[in-house]
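Enquirer: Predicted model follows, preceded by the sequence.
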Amino acid sequence: NAGVTQTPKFQVLKTGQSMTLQCAQDMNHEYMSWYRQDPGMGLRLIHYSVGAGITDQGEVPNGYNVSRSTTEDFPLRLLSAAPSQTSVYFCASSGVAGNEQFFGPGTRLTVL
Amino acid sequence: AQSVTQLGSHVSVSEGALVLLRCNYSSSVPPYLFWYVQYPNQGLQLLLKYTTGATLVKGINGFEAEFKKSETSFHLTKPSAHMSDAAEYFCAVSNQAGTALIFGKGTTLSVSS
């Protein structure tokens, strides 16, 4: 099993550009989530999903969109990137409510 | 609402000394609690977790944590620090439905020889 995979590993955008961060898992997990990590702020929950077709907002959802058309994939979309979205983004999945989350390797995003 | 407070953004210990990283939580439901570690330029690795049952939880690399409901705490300890323990440590609590995590701001552990 590859576990949780994320692409790309690094990305540089200009303000106003759009892009999609990809996340996939091959563990047949129902729960998937996106976090951003900033120095001194820990990890903050952006959006999460409890199954195909079902998503919900986390702590810091503004500026990000998600959808979940399959169990395996959970892409994160930035419609109009801003410098405040410069961060490291982690995707995670879990198979059982209350169980640990398995994390991907992260995407380092810089918005100029 | 769920929240986590980690006391001390930076903790420094000598090799062989006791490691104590503090975590307090707030939860409107019985909590599921976790400690993750992140080594420099790497992803997150689960150290240990508390779901139900025994309140003293043992994890990897000699770490353990004790769930104290009366104090709403889940402090992480290790009897003897090693240089390889230098990393950032995150305490987390499950959201109400148990479908995602709410993290603390992290504690950076430095270990000196």
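Expert: Perfect, thanks for sending it.
Enquirer: so what pLDDT did residue 75 get?
Expert: I'll assume chain A. On pLDDT, residue A:75 comes in at 98.
Enquirer: I was after chain B.
Expert: Listed pLDDT for residue B:75 reads 98.
Enquirer: With residue A:97 instead?
Expert: For residue A:97, pLDDT reads 83.
Enquirer: Thought residue B:36 was touching residue B:92, still the case?
Expert: Yes: using C-beta atoms under 8 Å, residue B:92 makes contact with residue B:36 at a distance of 6.5 Å. Yep, even glycine has a C-beta here, placed from its N, CA and C like the rest.
Enquirer: out of these two, which sits in the more crowded spot?
Expert: Using other C-beta atoms under 10 Å in any protein chain shown, the more surrounded residue of residue B:92 and residue B:36 is residue B:92, with 29 against 24.
Enquirer: For that one, what is the enclosing helix or strand?
Expert: strand B:87-94 (DSSP states H and E).
Enquirer: Ok, residue A:91 next?
Expert: Secondary structure (DSSP H and E) places residue A:91 in strand A:87-94.
Enquirer: Give the buried residues for that strand.
Expert: A:87, A:88, A:89, A:90, A:91, A:92, A:93, A:94 (16 or more other C-beta atoms under 10 Å in any protein chain shown).
Enquirer: Looks like the third one contacts residue A:76 (just checking).
Expert: Yes: counting by C-beta under 8 Å, residue A:76 is a contact partner of residue A:89 at 6.7 Å.
Enquirer: intersection of neighbour lists for the two?
Expert: Residues within reach of residue A:89 and of residue A:76 at once, by C-beta atoms under 8 Å, 6 or more residues apart in numbering or on different chains, are A:21, A:34, A:46.
Enquirer: Centre-most residue in the chain?
Expert: Going with chain A. The centroid of chain A falls nearest to residue A:34 when counting by C-alpha atoms, centre = their mean (3.1 Å).
Enquirer: ah, I was thinking of chain B
Expert: Central residue of chain B (C-alpha atoms, centre = their mean): residue B:35, at 3.6 Å.
Enquirer: Looks to me like that residue is in a helix.
Expert: No: counting by DSSP: H, G, I helix; E, B strand; the rest coil, residue B:35 is not part of a helix but strand.
Enquirer: list the contacts for it?
Expert: Here residue B:35 is in contact with B:21, B:23, B:46-49, B:59, B:63, B:65, B:74, B:76, B:89-92 (C-beta under 8 Å, 6+ apart).
Enquirer: same thing but 10 Å
Expert: For residue B:35, the contact set (C-beta atoms under 10 Å, 6 or more residues apart in numbering or on different chains) comprises B:21, B:23, B:45-50, B:57, B:59, B:63-65, B:74-76, B:89-92, B:104.
Enquirer: quick one, the helix or strand hosting residue B:111 and strand B:87-94 angle?
Expert: According to DSSP H and E, residue B:111 maps onto strand B:107-112. Counting by axes from the mean of the first three to the mean of the last three C-alpha atoms, to 10 degrees, strand B:107-112 lies at 150 degrees to strand B:87-94.
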